[in-house]
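Colleague: The sequence and its predicted three-dimensional model are supplied below.
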Amino acid sequence: GGKTAPQEFEENALSEVKHVIAVLSGKGGVGKSLVCGGIATQLTRAGYKVGILDADITGPSIPKMFGLSGRHAHALGKLLLPEVTESGIHVMSSNLVLQNETDPVLWRGPVIAGAIRQFWSETSWGPLDYLLVDMPPGTSDVALTVFQSLPVEGIVIVTSPQDLVSMIVAKAVNMAQKMDVPVLGVVENMSYIECPDCGKKIEVFGKSKLDEVAAQYSLDVLGRLPIDPALAAACDAGKIEESLPAEFLSQALAACEAVEA
Ligand code: ADP
């Protein structure tokens, strides 16, 4: 268990969630959703029951990645029922409750906060080993809502190489500290490209500062992901579950399993 007593948070009778882990980034577009979906897939392959709460309300990309585009969440009385992916991951997302998934979400802050709370306390998650939360990007008050509404036990921070030379990682780390939630570690995404001919790794954005920055904030490094056009195409096609390499983010998987202890 984390530092926060679960009884402080709303629960519902049809959810029995053992561990809640949030995937956070300092800004949008760094691959937070891909990492969230990837860790969920790896946990599922390892035999756990997994859900994803897509708290990125205004930029939801989890349903598409798992081939759930066009699907709609059903209701059971007052409770929402998650949609279930091919490999059994339970997903709740604003895209599953909108009439048309191309409708922009123009909700104001309090409405977004309400949706996030509803996705936790009024969704029938059933028994889950892990609920991963795809966080709204950045350290806004919408992100705060998640920490105030859900018993988050650990945070995975996703960064791009550029974030590591600015204050963006510091902001994410500070938020975790203020919320008293441990950071499980950091993933650097789009870290390099691998030459398809010779296998040489090219650090497009210059030499990675990941180890330096991780040491500065006492963070574990949970992996470095290359820019991978095939993986991007698989996510676009809704096939992340079948396309993810076997070794994908194995250290992040281990960090999630360590929360169990
Ligand atoms: P975020 O959740 O941080 O906004 P996403 O996970 O939605 O970012 O990723 C943004 C876009 O970049 C998506 O189209 C995704 O497929 C692509 N992408 C993310 N990581 C990679 C990667 N390592 N290689 C190639 N494309 C990637």
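Modeller: Okay, I see it.
Colleague: what does the stretch 1-150 of the chain put close to the ligand?
Modeller: Residues of the stretch 1-150 of the chain lying close to the ligand by C-beta under 6 Å from any ligand atom are Ser25, Gly28, Gly29, Val30, Gly31, Lys32, Ser33, Leu34, Ser61, Pro137. The way it works is simple: take the backbone N, C-alpha and C, and place the C-beta from them, glycine included.
Colleague: Tell me which of the residues you listed fall in strands.
Modeller: Ser25 (DSSP state E).
Colleague: Helix, strand, or coil at the residue in the stretch 151-261 of the chain that the ligand sits nearest to?
Modeller: Per C-beta to the nearest ligand atom, Ala232 is where the stretch 151-261 of the chain lies closest to the ligand, at 3.4 Å. Following DSSP: H, G, I helix; E, B strand; the rest coil, we place Ala232 in the helix state.
Colleague: Can you give me the pLDDT of Gln7?
Modeller: Looking at Gln7, its pLDDT reads 43.
Colleague: Quick check: closest non-adjacent residue to Lys64.
Modeller: Gly238 (6.1 Å; C-beta to C-beta, 6 or more residues apart in numbering).
Colleague: no, scratch that, I was asking about Gly31
Modeller: Asn189 (3.8 Å).
Colleague: can you give me the strands in the protein?
Modeller: 15-25, 50-54, 74-76, 79-81, 83-84, 90-92, 126-134, 154-159, 183-188, 193-194, 201-202, 221-224.
Colleague: which stretch in those strands is the model least sure about?
Modeller: strand 74-76 (a mean of 89).
Colleague: what does it rub up against?
Modeller: With contacts defined as C-beta atoms under 8 Å, 6 or more residues apart in numbering, strand 74-76 is touched by Leu14, Leu80, Leu81, Ser124.
Colleague: farthest pair in these?
Modeller: Leu14 and Leu80 (10.3 Å; C-beta to C-beta).
Colleague: intersection of neighbour lists for those two?
Modeller: Common neighbours of Leu14 and Leu80 (C-beta under 8 Å, 6+ apart) are Ser124.
Colleague: Show me which of the two is the more surrounded one.
Modeller: Leu80 (18 against 15; other C-beta atoms under 10 Å).
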